[in-house]
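**Student:** okay, here's the prediction I keep looking at, along with the sequence it came from:
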Amino acid sequence: MIARAEPPTLASKPLQGISGSLTPPLRLFNATLDFLDENESPHAYLADALPQLNADTWRVFPDGRMETTHRLRPNLTWHDGTTLSADDFVFGWRVYASPELGNSGSVPISEMEEVVARDASTVVIRWRRPYPDAARMDQTFQALPRHLLEQPFQTLDALGFSNHPFWTIDYVGLGPYKVDRWEGGSFIEALAFEGHALGRPKIERLRLSFIGDANTALANLLAGDAHYLSDYVLWNQEGRTLEAEWAARGGGGVVFFAPVLMRITHVQQRPEFAAPIALLDLRVRKALSHAIDAPSAVEALTGGRGLLTPTLTSPAADYFQEIDRVVAKYPFDPRRAQQILDEAGFVKGSDGFYVSPPDLGGEPLKLEAWFSAGSDEERENAILVDSLRKIGVDASSKVTPVAMVRDAQARSTTPGISTGGAGAGRLADFTSDGIPGPQNRWQGNNRGGWSHPDYDRWHRAFSTTLDPPQRIQHLAQMERVLSEDVGAIPYFFTIVVTARAGNLTGPVLRKTPDAGIGPQRAHTWEWTS
């Protein structure tokens, strides 16, 4: 198996913020109360059934609080053979709810009032308010092995506990595979876990290699030295090359192209980090939105398979029309972008680039456009930078090195604009609580630091409403506020490429942006040499 880079932890819910591009392999080593499949449908995992609303397992009280009950499957154990207990979920909640560790404000932890063990196999979660996703938490809440971590949790400070070897080379989880050998910077070898909740994996042993270079990954797949490719290593162009080569060889494998990854440009809006300061002006952000040539990006990067969108919601969603009719739109229109800047008092200098008026700093409209290393990201960034330069914005490309991808603080304080992917948590990414900072150990994906009370209010309503049609209306209002204030610039859903060799069966295509990311049901995969 090939992953983009070495993950800084194997926990499904990391203590420190990490790039979503590093998370796909985590599903191999973890099991949670439930999981979302490739269609975004929830299934029971460690629990023997999902909680059912208006039944004893999911109760809503008159005061607005809520309670869900999760009964564990029998005879579950950790990778080291220790029996899994409901107390391990209680301990996991205690760890993640500790403010000093930075996760107490994350969903769903922030919504949990208390987690208790009714008995050794029954987990009861008491919620502060109605929480509609209580039966589809997937990897956002996990148990932690109390027998290994309780003493370090009690004796170490936050930094020492976060750096404990448990989170990496000594990781003990509940997923289909357990760590056997970890060669830093190179690979992890894992063994099938006999006690896996859904059955022992059919493949006895796997090696997860860290290969960030697309050409190297492609060569490994074509040579038969790798049999599965995870997310974010190859993109559309390399995926098509692999597909053609395998087809020419007669059944060499299957390449999956899924338009499920939002490409979004964050605009730095914290005064202490923004450069130029004119980015704080709404008119400038609107001009940038009109300037980005999203149609060319979709064609060049996805061969037309991507989905153009002015929203965080995928056009493939059943309820997309409800969102689309209320949001502000900024179609690609260079002349309109220049008109907005002219009306705001910007004047072009002799070099053809705008200079801001005195009230917006009186400085050149010069900004850095950050992107992660990779062939498609480079092409995308080139289109974006060229679009901005054509209207008179002195934009320049700045690549985010792999080390910086792992550094949440560095990624969250870049000046100018930064383009990246947004996953299933993208709605919460733009709340005030999603802003990374020292107070939450730089957790959160609201990299631009945008904040709006109306967005927060609608998100709270969305997050506490159990009625699906009402939730869609709340979602529409969130999208409206974000678009009108240009909190960020969403512009298309790009292709995520995964692939399996012909002698590997089991991997499937992820159908929706909010489906569970990473190898689905790896315990059912089969491989023949």
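**Tutor:** Here it is on my side, so go on. As the structure is a computational prediction, the values presented were derived from the model and not from experiment.
**Student:** what sits against Ala499?
**Tutor:** Neighbouring residues of Ala499 by Cβ atoms under 8 Å, 6 or more residues apart in numbering: 221, 228-229, 234, 239, 242, 253-256. From N, CA and C alone the C-beta is placed, and that goes for glycine too.
**Student:** ugh, wrong one, I meant Leu15
**Tutor:** Contacts of Leu15 by Cβ under 8 Å, 6+ apart are 9, 101-103, 161-162, 167, 441.
**Student:** in helices, which of the contacts of Ala499 fall?
**Tutor:** Among these, DSSP state H puts 221, 239, 242 in helices.
**Student:** what sits against the last one?
**Tutor:** If I follow you right, that is Leu242. With contacts defined as Cβ under 8 Å, 6+ apart, the neighbours of Leu242 are 218, 221-222, 234, 253, 255, 499.
**Student:** with the first one instead?
**Tutor:** When contacts are counted by Cβ under 8 Å, 6+ apart, Leu221 touches 2, 229, 242, 253, 499, 501.
**Student:** would you turn the contacts of Leu15 into JSON lines with distance to Thr400, pLDDT and neighbour count?
**Tutor:** Listed next are the contacts of Leu15 as JSON lines, based on distance: Cβ to Cβ, whole Å; pLDDT from 0 to 100; neighbours: other Cβ atoms under 10 Å:
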{"residue": "Thr9", "distance to Thr400": "20", "pLDDT": "93", "neighbour count": "18"}
{"residue": "Leu101", "distance to Thr400": "26", "pLDDT": "91", "neighbour count": "19"}
{"residue": "Gly102", "distance to Thr400": "22", "pLDDT": "84", "neighbour count": "25"}
{"residue": "Asn103", "distance to Thr400": "24", "pLDDT": "86", "neighbour count": "21"}
{"residue": "Phe161", "distance to Thr400": "28", "pLDDT": "96", "neighbour count": "20"}
{"residue": "Ser162", "distance to Thr400": "22", "pLDDT": "94", "neighbour count": "17"}
{"residue": "Trp167", "distance to Thr400": "23", "pLDDT": "96", "neighbour count": "19"}
{"residue": "Arg441", "distance to Thr400": "20", "pLDDT": "77", "neighbour count": "21"}
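**Student:** and which of those residues is nearest Ser314?
**Tutor:** Asn103 (27.3 Å; Cβ to Cβ).
**Student:** now do the contacts for the closest one.
**Tutor:** 13, 15, 95-97, 109, 440, 443.
**Student:** what's the closest of those residues to Ile495?
**Tutor:** Of all these, Lys13 has the smallest distance to Ile495: 27.4 Å, by Cβ to Cβ.
**Student:** from Val107, how far off is the closest one?
**Tutor:** With distances taken as Cβ to Cβ, to the nearest Å, Lys13 is found 11 Å from Val107.
**Student:** again, but for His474
**Tutor:** 15 Å.
**Student:** returning to that earlier point: identify the contacts common to Lys13 and Val107.
**Tutor:** Residues touching both Lys13 and Val107 (Cβ under 8 Å, 6+ apart) are Thr140.
**Student:** Glu243 and Ile495: what is the separation?
**Tutor:** For Glu243, the distance to Ile495 - Cβ to Cβ - is 12 Å.
**Student:** if you could redo that for Leu234, that was the one I meant.
**Tutor:** According to Cβ to Cβ, Leu234 stands 10 Å off from Ile495.
**Student:** got it, and Tyr455?
**Tutor:** Distance of Tyr455 to Ile495, computed by Cβ to Cβ: 29 Å.
**Student:** with Phe141 instead?
**Tutor:** Distance of Phe141 to Ile495, given as Cβ to Cβ: 30 Å.
**Student:** what about Ala476, neighbour count?
**Tutor:** By the criterion of other Cβ atoms under 10 Å, Ala476 has 22 neighbours.
**Student:** what does the pLDDT read for the nearest residue to Ser387 once chain neighbours are set aside?
**Tutor:** Excluding the flanking residues, the one nearest Ser387 by Cβ to Cβ, 6 or more residues apart in numbering is Asp293, at 4.4 Å. Looking at Asp293, its pLDDT reads 96.
**Student:** residues touching Asp293, list them.
**Tutor:** By Cβ under 8 Å, 6+ apart, the contact list for Asp293 reads 332, 383-384, 386-387.
**Student:** what about 10 Å?
**Tutor:** Taking Cβ atoms under 10 Å, 6 or more residues apart in numbering, we find Asp293 in contact with 299-300, 332, 334, 383-384, 386-388, 390, 491.
**Student:** now Arg4
**Tutor:** Contact analysis of Arg4 by Cβ under 10 Å, 6+ apart lists 19, 21-25, 210-214, 217, 229-234, 372, 374, 402, 405.
**Student:** filter those to the buried ones?
**Tutor:** Neighbour-count burial (16 or more other Cβ atoms under 10 Å) applied to these gives 19, 21-25, 210-212, 214, 217, 229-234, 372, 374, 402, 405.
**Student:** quick one on the thing from earlier: who's more crowded, Glu243 and Ile495?
**Tutor:** Using other Cβ under 10 Å as the criterion, Glu243 and Ile495 rank with Ile495 on top: 25 against 18.
**Student:** just checking, the more buried one is part of a helix?
**Tutor:** No. Under DSSP: H, G, I helix; E, B strand; the rest coil, Ile495 falls outside any helix and is assigned strand.
**Student:** so this structure: which segments form each domain?
**Tutor:** Domains of the chain are assigned by automatic domain parsing as 1-210, 261-494.
**Student:** among those, which is nearest Ala515?
**Tutor:** Between these, domain 1-210 lies closest to Ala515; by Cβ to Cβ that is 4.4 Å.
**Student:** tell me how far Pro415 lies from Thr494.
**Tutor:** For Pro415 relative to Thr494 (Cβ to Cβ), the value is 25 Å.
**Student:** do the same with Asp281
**Tutor:** According to Cβ to Cβ, Asp281 and Thr494 sit 29 Å apart.
**Student:** these two - which one has more neighbours?
**Tutor:** Neighbour comparison, Asp281 and Thr494: the larger count goes to Thr494, with 25 against 18 (by other Cβ under 10 Å).
**Student:** correct me, but that one touches Ala297?
**Tutor:** Yes. Counting by Cβ atoms under 10 Å, Thr494 touches Ala297, with 8.3 Å between them.
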